[in-house]
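Q: Dropping a prediction and its sequence here:
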Amino acid sequence: MPSNSPVGPLTDIRENIGLAFSFIGQASIDQFLADRRTVYAVTRCLEIISEASRRLPPELKARHPQIRWQGMAGAGNVYRHDYELILDKAVWDTVHESLEPLLTVVEEELRRLEGG
């Protein structure tokens, strides 16, 4: 694939969604909030997802207006520069409310790009 191909960023997003889900596992919100290591790991996954989303072409994003692409990209700035503003509950909510729809879009786009 050419270097400007969205396959790499899409694959990174898919991988980090899977990691975020696996890190949380079956934990309750209280268990998650009490486990600093898991909070940090999941936050890092969201940071990578944010950065990878910035590398996706505008036409791909336009096909999926239900995804808050601009908010996702902007969240990365918070993770990197304003980390003291991150609320662990917001990390939990992001995983439980936003990642499944994003994963559906990512898998659809990867199938389309791979000709399937």
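A: Happy to help now that I have it.
Q: Now residue 48: closest residue in space, sequence neighbours ignored.
A: Nearest residue to residue 48 in three dimensions, chain neighbours excluded: residue 16, at 4.7 Å (C-beta to C-beta, 6 or more residues apart in numbering). (C-beta placed from N, C-alpha, C; glycine too.)
Q: so who does the one you found touch?
A: Contact partners of residue 16, counting by C-beta atoms under 8 Å, 6 or more residues apart in numbering, are 45, 46, 48, 49, 52.
Q: swap the cut-off to 6 Å and go again
A: Residue 16 makes contact with 45, 48, 49, according to C-beta atoms under 6 Å, 6 or more residues apart in numbering.
Q: How many residues are close by the last one?
A: So that's residue 49. Residues lying near residue 49 (other C-beta atoms under 10 Å) number 28.
Q: Quick check: it vs residue 28, distance?
A: Relative to residue 28, residue 49 is positioned 23 Å away (C-beta to C-beta, to the nearest Å).
Q: Can you classify residue 90 by secondary structure?
A: Recorded secondary structure, residue 90: helix (DSSP: H, G, I helix; E, B strand; the rest coil).
Q: so is the most centrally placed residue in the chain in a helix, a strand, or just coil?
A: The centre of the chain sits closest to residue 49, judged by C-alpha atoms, centre = their mean, with a distance of 3.6 Å. In three-state terms, and counting by three-state DSSP, residue 49 is helix.
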